[in-house]
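**Q** no FASTA, just this:
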């Protein structure tokens, strides 16, 4: 049996650092990234769709803008956390290092938790490098 899929792309910016990384990624820096969220289904709904693109956009953009866009993402053990709290800066801590792979998984799980049939999430950290997460 065939399978249908749709994909919505969203762009956002975030800052991070990877503690103990042997290269320059151990320093604070930012990325302007593109995310592609793909939904799939074997059957279309009564409108002939996997999902309405507008509905998918609202869900993905809503999460990205509220949680990730223009946010500083750090490992929960990062020594900068107390300083950022004191300065009342916007940041978010994660139990894992804030890599492209971890962000792709975070977005996948958030969209899936909203009841969407997510097939995969791709996150381009650069024009030529991306991470993929699927279950």
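**A** Received, thanks. Keep in mind the model is a prediction, meaning the values are calculated, not measured. Numbering: from 1, shown residues only.
**Q** Contacts only, for residue 6.
**A** Each residue near residue 6 by Cβ atoms under 8 Å, 6 or more residues apart in numbering is listed here: 38-39, 49-51, 53, 56. Quick note: C-beta positions are derived from backbone N, CA and C, even for glycine.
**Q** which of those residues count as buried?
**A** Under a neighbour-count criterion of 16 or more other Cβ atoms under 10 Å, the subset of the contacts of residue 6 counted as buried comprises 38-39, 50-51, 56.
**Q** need the strands for the chain, in chain order.
**A** 4-16, 29-41, 71-75, 91-94, 118-126, 129-133 (DSSP state E).
**Q** For the ones you listed, could you give me JSON lines that also reports distance to residue 111?
**A** As requested, the strands of the chain are arranged in JSON lines below (distance: least, Cβ to Cβ, whole Å):
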{"stretch": "strand 4-16", "distance to residue 111": "10"}
{"stretch": "strand 29-41", "distance to residue 111": "6"}
{"stretch": "strand 71-75", "distance to residue 111": "18"}
{"stretch": "strand 91-94", "distance to residue 111": "18"}
{"stretch": "strand 118-126", "distance to residue 111": "5"}
{"stretch": "strand 129-133", "distance to residue 111": "11"}
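**Q** Just put those strands in a markdown table and tack on mean pLDDT and distance to residue 82.
**A** What follows is these, written out as a markdown table (pLDDT from 0 to 100; distance: least, Cβ to Cβ, whole Å):
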| stretch | mean pLDDT | distance to residue 82 |
| --- | --- | --- |
| strand 4-16 | 97 | 18 |
| strand 29-41 | 97 | 21 |
| strand 71-75 | 98 | 11 |
| strand 91-94 | 98 | 11 |
| strand 118-126 | 97 | 28 |
| strand 129-133 | 98 | 29 |
